[in-house]
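> when you get a sec, could you give me coordinates for this:
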Amino acid sequence: MGIEGASAVERFVRKVMLPVCILSGMAVVAGFFFPEFVGDGVSGRGWLIVSLLFFGSGLGYLAVLPMADGHNGDAPPVHYLMQVRRLSWTETLRTFVARHDPLTFGVPVLAFGLFFVLQYLFPAATLSVVDSIQQYVMGWFDWLLLGTVLLSVLYCLVLLVGPWGDIRLGGPDAEPAYTYPVYFTMIFTAGIAAGIVFWGPAEALTHYETPPPYFGVEAQSDAAIGGALTYSLFHWGFSAWSAYLVIGLPIAYFVFQHGAPLRVSTILTPFLGVEGLDSLPCRLVDVLAIFATIGGIATSVALVSQQFLTGIDFQWGVEYATLGPVLFVTGLTIVFVISAQSGVHRGIRRIAGVNIVLFGLFAALLFAVGPRSAMLDRGTTALGSYTLNFLPMSLSRGGEWVTSWTIWNWTWWFSWAPFAGLFLAALSRGRKIRTVVLTGFVATSLATMVWFLLLGTTALHLQHTGATAILESMAAFDNPEAVAGFSLFSTLPLGELLIFLFLALIIVFIASSADTSTLVVAILASKRDRAPTITTVVFWGILQGIVAIGVILTGSETTLQATAVLTGAPFAVVVVLSLVGLTFTFLRDERGHESLLAKLPTLPFDDVYKE
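Modelled structure (predicted):
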């Protein structure tokens, strides 16, 4: 049995994808940046197909490249369950069922099958039932979600400066598997997806047009700009990322300090013990995590495909029927399945690296060509407003606006927290808890907030000054957030390059999240002591793609998204239990550590976060 080695299939994929990437890349560069030399010989649909071939083949080729030393089996020492096993075909077929837990494997598959049957036979009734449940949960349990998110933020701050932050996961001699930049990159790109790309320019504009009641300002006024930016930061900043930390950190602690299995249900270790984690309640927690992950990722993939094509339609007037999104999802599924089966240290790490480079390049270019004075002035004001109003906004409840925006956002982040948190946990061996919090809570939040300030201030400045009519462009489409970026960048210098990078970021961001979720689901569905095989990873990746295509064909994006969001409320309850259990465990077992405040007077600043 090998571990993530290069197979004959991967070698064939490399031979095919490299020339496809080179040829399609040459065509894309010529057609995108020098259209006058190409003419009208290729239709808009043709250019889209060529562009997708370029992005997809390039990412796929990168994912299956062997390690630099040529020895794919010499993977960095991440948790052994994250290292995909390669079995022979006969052994794979013989052991596929035996390697899976019947409950965590069977229930999610049957649940999604039942969902699509009901959606096909009774679409209106299914939507009505799900919508009623969602409105009930978000309306009656808003206090639970608001309180849990605020508790999560406060707990992260305590870990950051308190003595428990000094605990090194895995013991005093444990070493991290990856350098810090790689560690940050994989955590950030796994947890954010393409929503950051579309909503970067769109959310602030939406709040500018329909201001949050908390600020009580007139729509599309100068005062509305500050409130719009403040709430964009609030919905995507520290509160959002804290949801991943309060799931991932307890998992990491009990896995590396107490020998618990790498499972979402491991957060219940203080109450059940390590040996009690095979119980039915724990397995149901893992089932819920699988359902939330597949539902959230599949819905995102389906929505991203439609948003991507809506933007193409706006920019180049190319309309697509149902076949367009289906082909887009199919191609994207091939990319993230190839990446997931190649393992963390190859495809997942490399595509995350491409993602962060494109992210940084795009942000730098936008800052260079955008309204820098507005970015700095409005951005500084928004940061101050966010700081001053953070607590009252966190406690603000009631009203349709808060329910449809803030409460919905918190449930959505909690529904993604199981897979993002488990992935964070698996990568955190050898790091101090303080560093984990600094990365998964502080650094990721700051990167996200910078993005929303850059795009939000630019969009609001151009809209408010009349330089362009982005809101009018958005109003003409069913997916308004999909066209905001295209309308914005078309008015800026280097607009063609920005749009090209924007399209690339959409694909790379969703691939980075989907390949990670595929691997995590494969781990959760396998038996406790069994690492996933390549066949297992491929199965769950394809299933996510099938669910996304099913969503498109049945028109059930809203229904499945609402169903996935509903899982956020149970996980909010689980988070409260896990933090209580983790706190009592720290008080009992982790004495004698120094707080950050105690270290500051005696240590140079560089040593405070030293690994």
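> how about the helices in the stretch 51-200 of the chain?
89-95, 102-121, 123-140, 142-161, 180-192, 195-209 (DSSP state H, counting those that start in this stretch).
> got it, and the stretch 401-550 of the chain?
Under DSSP H, counting those that start in this stretch, the stretch 401-550 of the chain gives helices at 408-427, 433-437, 444-464, 470-475, 481-489, 495-525, 534-554.
> looking at those helices, which is nearest to Met138?
helix 408-427 (6.6 Å; C-beta to C-beta). Yep, even glycine has a C-beta here, placed from its N, CA and C like the rest.
> look up how far Cys21 lies from Pro108.
35 Å (C-beta to C-beta, to the nearest Å).
> more neighbours: those two, which one.
Pro108 (26 against 20; other C-beta atoms under 10 Å).
> separation between the more buried one and Phe141?
Pro108 is 24 Å from Phe141, by C-beta to C-beta.
> quick check: chain neighbours aside, which residue is closest to Tyr320?
Leu309 (4.9 Å; C-beta to C-beta, 6 or more residues apart in numbering).
> quick check: that neighbour is in a helix.
Yes: when classified by DSSP: H, G, I helix; E, B strand; the rest coil, Leu309 is found to be part of a helix.
> chain neighbours aside, what residue packs nearest to Ser513?
Ala193 (4.2 Å).
> again, but for Asp313
In space, Asp313 is closest to Glu319, 5.4 Å off (C-beta to C-beta, 6+ apart).
> which of the helices of the stretch 401-550 of the chain is buried the deepest?
helix 408-427 (a mean of 28; mean count of other C-beta atoms under 10 Å).
> what's the span of stretch 483-502 from first residue to last?
With C-alpha to C-alpha, to the nearest Å as the measure, stretch 483-502 spans 11 Å from end to end.
> can you list contacts of it?
32-33, 197-198, 200-202, 205, 310-311, 314-315, 358, 361-362, 365-366, 369-370, 455, 458-459, 462, 467-470, 473-474, 476-477 (C-beta atoms under 8 Å, 6 or more residues apart in numbering).
> likewise for stretch 21-29?
Looking at what lies outside stretch 21-29 - C-beta under 8 Å, 6+ apart - the contacts are 47, 50-51, 53-54, 57-58, 61.
> apply 7 Å and report the result again.
Applying C-beta atoms under 7 Å, 6 or more residues apart in numbering, the external contacts of stretch 21-29 come out as 50-51, 53-54, 57-58, 61.
> mark which of those residues are buried, thanks.
50-51, 53-54, 57-58, 61 (16 or more other C-beta atoms under 10 Å).
> quick one: these as CSV, columns for distance to Thr411 and pLDDT too.
What follows is the buried ones among the contacts of stretch 21-29, written out as CSV (distance: C-beta to C-beta, whole Å; pLDDT from 0 to 100):
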residue, distance to Thr411, pLDDT
Val50, 39, 81
Ser51, 34, 79
Leu53, 37, 88
Phe54, 37, 90
Ser57, 37, 92
Gly58, 35, 93
Tyr61, 38, 92
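> pick the one among those residues closest to Val137.
Ser51 (40.4 Å).
> would you mind listing the residues in contact with that closest one?
Ser51 touches 28, 503, counting by C-beta under 7 Å, 6+ apart.
> quick check: the gap between it and Phe328.
Following C-beta to C-beta, the distance that separates Ser51 from Phe328 is 11 Å.
> just Gly421 next, same as before
From Gly421 to Phe328 the distance is 29 Å (C-beta to C-beta).
> and Leu268, by the same measure?
From Leu268 over to Phe328 (counting by C-beta to C-beta), the distance is 39 Å.
> who's more crowded, these two?
Comparing Leu268 with Phe328 by other C-beta under 10 Å, the one with more neighbours is Phe328, at 26 against 23.
> tell me which element the nearest residue to that one once chain neighbours are set aside falls in.
Ranked by C-beta to C-beta, 6+ apart and with sequence neighbours excluded, the top spatial neighbour of Phe328 is Ser305, at 4.1 Å. According to DSSP states H and E, Ser305 maps onto helix 280-316.
> so that helix versus helix 408-427, what angle?
110 degrees (axes from the mean of the first three to the mean of the last three C-alpha atoms, to 10 degrees).
> for helix 280-316, which helices and strands make contact with it?
Contacts defined by 3 or more C-beta pairs under 7 Å, 6 or more residues apart in numbering; DSSP states H and E place helix 280-316 against helix 102-121, helix 323-342, helix 408-427, helix 481-489, helix 495-525, helix 534-554, helix 557-566.
> buried residues in it, which are they?
Buried, per 16+ other C-beta under 10 Å, within helix 280-316: 282-283, 285-315.
> what about that helix, distance to the chain center?
Remark: helix 280-316 is offset 10 Å from the chain centroid, using C-alpha atoms, centre = their mean, to the nearest Å.
> same deal with stretch 193-212?
17 Å.
> residues in contact with it?
Defining contact as C-beta under 7 Å, 6+ apart, one finds that stretch 193-212 is touched by 217, 219-220, 224-225, 227-229, 231-232, 235, 300, 304, 307, 401, 448, 451-452, 455-456, 459-460, 463, 470-471, 480-482, 484-485, 488, 502, 505-506, 509-510, 513.
> got it, and stretch 102-121?
So stretch 102-121 is contacted by 126, 283, 286-287, 290-291, 294, 524-525, 547, 550, 554, 556, 559-560 (C-beta under 7 Å, 6+ apart).
> and for stretch 341-357?
4, 59, 62-64, 75-76, 78, 82-84, 182, 185-186, 188-189, 338-340, 508-509, 511-512, 515-516, 534, 537-538.
> again, but for stretch 317-326
44-45, 48, 305-306, 309, 312-313, 549, 552-553.
> and the residues you listed, which is closest to Pro172?
Closest to Pro172, out of all of these and judged by C-beta to C-beta, is Ser305, at 47.6 Å.
> okay, the angle between the strand or helix carrying Leu388 and helix 142-161?
For Leu388, the enclosing helix or strand under DSSP H and E is helix 372-395. With the same axes, to 10 degrees as the basis, helix 372-395 and helix 142-161 are set at 120 degrees to each other.
> can you pull out the low-pLDDT segments for the stretch 151-300 of the chain?
Applying pLDDT under 70 to the stretch 151-300 of the chain flags no residue at all.
> cutoff 90 now
For the stretch 151-300 of the chain, residues meeting the criterion pLDDT under 90 lie at 177, 192-195, 198, 296, 300.
> next: the stretch 1-150 of the chain.
Applying pLDDT under 90 to the stretch 1-150 of the chain flags residues 1-17, 24-53, 55, 65-101, 120, 127, 131, 134-141.
> picking up where we left off before, ok, the residue nearest to Ser513 to Ala289 distance?
17 Å.
> so what's the residue count around the spatially closest residue to Glu218 that is not a sequence neighbour?
The shortest distance from Glu218 to any non-neighbouring residue, by C-beta to C-beta, 6+ apart, is to Ala224 (6.5 Å). Residues lying near Ala224 (other C-beta under 10 Å) number 22.
> the one helix or strand Ala224 maps to packs against which elements?
Ala224 belongs to helix 222-236 when assigned by DSSP H and E. On a contact count with 3+ C-beta pairs under 7 Å, 6+ apart, helix 222-236 meets helix 195-209, helix 372-395, helix 444-464.
> could you redo the last one with a cut-off of 10 Å?
helix 195-209, helix 238-258, helix 372-395, helix 408-427, helix 444-464 (3 or more C-beta pairs under 10 Å, 6 or more residues apart in numbering; DSSP states H and E).
> next, format those helices as JSON lines and append distance to Leu150.
Shown next, in JSON lines, are the helices and strands packed on helix 222-236 (distance: least, C-beta to C-beta, whole Å):
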{"stretch": "helix 195-209", "distance to Leu150": "21"}
{"stretch": "helix 238-258", "distance to Leu150": "8"}
{"stretch": "helix 372-395", "distance to Leu150": "5"}
{"stretch": "helix 408-427", "distance to Leu150": "10"}
{"stretch": "helix 444-464", "distance to Leu150": "15"}
